[in-house]
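K.L.:
Got a sequence here, can you build the structure:
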Amino acid sequence: MDAPNRFADMPISGGLDRILTIELVRVTERAAVAAARLRGRGDEMAADQAAVDAMRSELNRLPIRGTVVIGEGERDEAPMLYIGEEVGTGEGPAVDIALDPLEGTTICAKNLPNALAVVAIAEKGSLLNAPDVYMDKIAIGPGYPAGTVDLDLSPAENIERLAKAKGVLVDEITACILDRPRHEKLIEAVRATGAAIRLIGDGDVAGVIHTTDPAETGIDIYIGSGGAPEGVLAAAALRCIGGQMQGRLILDTPEKVARAARMGIEDPSRVYQAEDMAKGDVLFAATGVTDGNMLAGVKFGKDSIRTHTIVLRSSTRTVREIKARHQDMDKFGPES
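P.N.:
Now for the predicted structure:
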């Protein structure tokens, strides 16, 4: 007869405190270091593979009963930490996990700014099990009245409402948009208002998070479509920092509607708030792979490796910034 699991009834907050302070940081640190060894080498697949392997290994050390609900997307044709995969030691609280071992594979391959290793953990059943489709998104940082922006408004209306709420002219607003052909009309509409645009080639999780600190990042609003899994990760971060976000799945074929239905999506046209995509107590961690507006990338020294991580928690609105120097090089493999 199996021994009883003494962790099975552990309160979720008691189980997550320890992860927040130490273990969750290690998960993203390891993935970031593994990916950083391959930045600028032009091989997206190899960098993603290295990050996946490192993140999986570290997740399996955590005292949790974790289930991946947001994993690597099929569009990336990359080795997955797949949806439904169970991770952790099997002892501890049951949790949902959303992750992107290398947010911005192209960014890393080209050694451009804002590549991250990202993971979010929440109470079981708390994270939206989003299919790997596109999602229309809009996000702003904290400090604005509820409903300042809305997906059903035009880009011009959203820009104007944000400028009014911020107390500035429209031409002092900067919107972050993924540089994609599908956004051509959106870009034209935003520029027609007089607002500025920061185009990014990849990494819309970072793009959404950047709206939370416009003074530092120069970004006031994120608009456009990107991956739905990345939308859930971004919503998890905003739940911890504050801000407003809406997302609507783009289910434009019968196959996508059917796939979403199999994952429990009953209303294909539903607009999700951040609180709908990431409920309850949420933890979020991100480590820089390449230098960016928010985090420094991994630095390889002769005798050490330096990493820069943020760890966030929704229930306490705690933001921890961890700059670490790792002198045990064996933990991270051979030097680059």
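K.L.:
Which helix or which strand is home to the spatially most central residue of the chain?
P.N.:
To find the centre residue of the chain, average its C-alpha atoms and take the closest one (C-alpha atoms, centre = their mean): that gives Leu233, at 3.6 Å. In this structure, Leu233 is located in helix 228-241 according to DSSP states H and E.
K.L.:
residues contacting the closest residue in space to Arg56 that isn't next to it in sequence?
P.N.:
With sequence-adjacent residues excluded and distances taken as C-beta to C-beta, 6 or more residues apart in numbering, Arg56 is closest to Leu81, at 5.6 Å. Placement of C-beta: from N, CA and C, glycine included. Applying C-beta atoms under 8 Å, 6 or more residues apart in numbering to Leu81 gives the contacts 52, 55-56, 59, 68, 71-72, 87, 99, 101.
K.L.:
Most neighbours of all these, which one?
P.N.:
Ranked by neighbour count (other C-beta atoms under 10 Å), the contacts of Leu81 have Pro101 at the top, with 34 neighbours.
K.L.:
Would you confirm that it belongs to a strand?
P.N.:
Yes: judged by DSSP: H, G, I helix; E, B strand; the rest coil, Pro101 forms part of a strand.
K.L.:
hey, where'd the strands end up in the stretch 1-150 of the chain?
P.N.:
In the stretch 1-150 of the chain, strands defined by DSSP state E, counting those that start in this stretch lie at 65-70, 86-87, 94-103, 116-123, 134-140, listed in chain order.
K.L.:
wait, which of the ones you listed is closest to Leu24?
P.N.:
Of all these, it is strand 116-123 that lies closest to Leu24, at 6.8 Å by C-beta to C-beta.
K.L.:
Centre of the chain to that closest one, how far?
P.N.:
Relative to the centre of its chain, strand 116-123 is centred 7 Å away, using C-alpha atoms, centre = their mean, to the nearest Å.
K.L.:
Name every strand pairing with that strand and say which way it goes.
P.N.:
For strand 116-123, sheet partners with direction are given as strand 94-103 (antiparallel), strand 282-288 (antiparallel), following DSSP bridges.
K.L.:
give me every residue that touches the residue nearest to the centre of the chain.
P.N.:
Under the criterion of C-beta under 8 Å, 6+ apart, the neighbours of Leu233 are 70, 98-100, 103, 118, 120, 205, 284.
K.L.:
what's around Glu216, how many residues?
P.N.:
Each residue near Glu216 was counted by other C-beta under 10 Å, and the total is 10.
K.L.:
One more: the one 4 residues further on?
P.N.:
When counting by other C-beta under 10 Å, one arrives at 23 neighbours for Asp220.
K.L.:
I'd say it and Val170 touch.
P.N.:
No: using C-beta atoms under 8 Å, Asp220 and Val170 do not qualify as a contacting pair, with a distance of 10.6 Å.
K.L.:
for the stretch 51-200 of the chain, what are the low-confidence residue spans?
P.N.:
In the prediction, the stretch 51-200 of the chain carries residues with pLDDT under 70 at positions 73-79.
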